[in-house]
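Asker: Predicted structure and sequence below. I'll ask about it afterward.
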Amino acid sequence: MARQKPPELLPGTLELMILKTLTVGPNHGYGIARRIKQTSDDVLHVEEGSLYPALHRLAKRGCLEFEWRNSESNRRAKYYRLSRKGRSKLKMETNNWSRLTTAIDKVMSARTAGKVATKGWA
Amino acid sequence: MNESAPLRFGLPKFDPRDDRQIEAQIDDELTFHIEQVTREFVEAGQSEHDAKINALARFGDVQQIKAQCKHIALEERIMLQRINLVLMIVVLLAVAFVSVQMYVTQKHNTLALQSIVTDISDMKVPAAPKSRGFVYLDGDVERPGVYSLPPIGRLTLSRLFVTAGLSNPAAVHLRVIRTVGNTPEKVFDRLVDDMGDLAENDLILGPNDLVIVAATKDVKTKSDE
């Protein structure tokens, strides 16, 4: 069976997922990517080419703080954690996300009703 | 999804790290990621060599990602550098403009000054008349001495006495000795009792003429001796 192509992320969703992942605790870039992959049941593969610029952008905006410390493999790694600003951004973005997914759900479920409405045309 | 950054007020935040530190940290961060993926592949059964190649392949263009991260970190600094560059160009242009203007003004002033100097030098200022020589007067006169020949007109014997004044205007013996080359020569030697007569038969005096006036007949000069 051919492997399914991973779905493309909507713009801004990567930042939202990074913020959400870091609510569990501080983590490095590799850990964040791995966790997203695991929690999405291997559906979402975060590309490193998008992950690191997103992490740096969030840190630059003050949503993330970072520190250098030894990882579980005893190797120095950059650990990111949520700042107060990051938490409020996550809250705001989560609300936006809920509204968006609800709206999309409504559009998707309205498709059937549309089909019903066209029945009388024939 | 809202992609834009929240509004920020006040001055932008500057990364206190220098360029090298930022680059080194980005390097460290990305290398750590590649190492972790390599380890993951090794644990999945790949050889160390294959795991490393596959990890790098999965990572993508490392240099491009580094450049993106560096650009994000140095965004404000790059912007400030650009502003700085623009300001520097503006200042340089202003300095160049002022310099050119100063140069043009100075050149204009120099030309104007040269023109004034030329005008002044072209002006014909009448030169002070030069004396044509001297006449030496001695004897019975009120003001004996050296008299200069006028640059314009003539000095005659009678006119000389008008200036010098005769002590005894009644009768005087006048003698004029003129030196031609190195030889003194008497050009006038007679008794004058009437100044009107002298004016009628006047003698034009020349340079270096020696006029001797004696109230008596016995006029003695070196040439007589």
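Answerer: Structure received.
Asker: what about chain A, any weak spots by pLDDT?
Answerer: A:1-8, A:111-122 (pLDDT under 70).
Asker: What parts of it come near chain B?
Answerer: Residues of chain A lying near chain B by Cβ under 8 Å from any Cβ of the partner chain: A:10-13, A:16, A:28-30, A:33, A:47-49, A:52-53, A:56-57, A:60-62, A:68, A:71, A:73, A:75-78, A:85, A:89, A:92-93, A:96-97, A:100. C-beta coordinates here come from the backbone N, C-alpha and C atoms, glycine included.
Asker: Quick check: nearest residue in space to B:I34, chain neighbours excluded?
Answerer: Spatial nearest neighbour of B:I34, chain neighbours left out: B:A55 (5.1 Å); criterion: Cβ to Cβ, 6 or more residues apart in numbering or on different chains.
Asker: Pull the residues that contact stretch B:181-200.
Answerer: B:156-158, B:161, B:166, B:169-179, B:203, B:209-210, B:217, B:219, B:223 (Cβ atoms under 8 Å, 6 or more residues apart in numbering or on different chains).
Asker: Go through chain B and flag its longest helix.
Answerer: Identified as the longest helix of chain B according to DSSP state H is helix B:75-122.
Asker: mind checking how far the residue of chain A found nearest chain B is from A:L44?
Answerer: Nearest to chain B in chain A, going by Cβ to the nearest Cβ, is A:G12, at a distance of 3.5 Å. Per Cβ to Cβ, to the nearest Å, A:G12 is found 14 Å from A:L44.
Asker: rewinding a little: tell me the SS of the residue nearest to B:I34?
Answerer: helix (DSSP: H, G, I helix; E, B strand; the rest coil).
Asker: that older thread, out of the contacts of stretch B:181-200, which are buried?
Answerer: B:157-158, B:161, B:166, B:172-178, B:203, B:209-210, B:219 (16 or more other Cβ atoms under 10 Å in any protein chain shown).
Asker: helix or strand for the spatially most central residue of chain A, which one?
Answerer: Computing the C-alpha centroid of chain A and ranking residues by Cα atoms, centre = their mean puts A:M17 first, at 2.4 Å. Using DSSP states H and E, A:M17 falls within helix A:13-21.
Asker: can you check B:V213 too?
Answerer: strand B:209-214.
Asker: Walk me through which strands that strand pairs with, and which way each runs.
Answerer: Note on strand B:209-214: by DSSP bridges, its sheet partners are strand B:134-139 (parallel), strand B:172-180 (antiparallel).
Asker: Next, format those strands as JSON lines and append mean pLDDT.
Answerer: Output for the strands paired with strand B:209-214, formatted as JSON lines (pLDDT from 0 to 100):
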{"stretch": "strand B:134-139", "mean pLDDT": "91"}
{"stretch": "strand B:172-180", "mean pLDDT": "87"}
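Asker: count of residues packed around the residue nearest to B:H71 when sequence neighbours are not counted?
Answerer: In space, B:H71 comes closest to B:I78 once its chain neighbours are excluded; the distance is 7.2 Å by Cβ to Cβ, 6+ apart. B:I78 has 12 neighbours, counted by other Cβ atoms under 10 Å in any protein chain shown.
Asker: circling back: other SSEs contacting the following helix or strand past the helix holding A:M17?
Answerer: Helices and strands here follow DSSP H and E; after helix A:13-21, the next one along the chain is helix A:29-39. On a contact count with 3 or more Cβ pairs under 8 Å, 6 or more residues apart in numbering or on different chains; DSSP states H and E, helix A:29-39 meets helix A:13-21, helix A:48-61, strand A:76-82, helix B:19-43.
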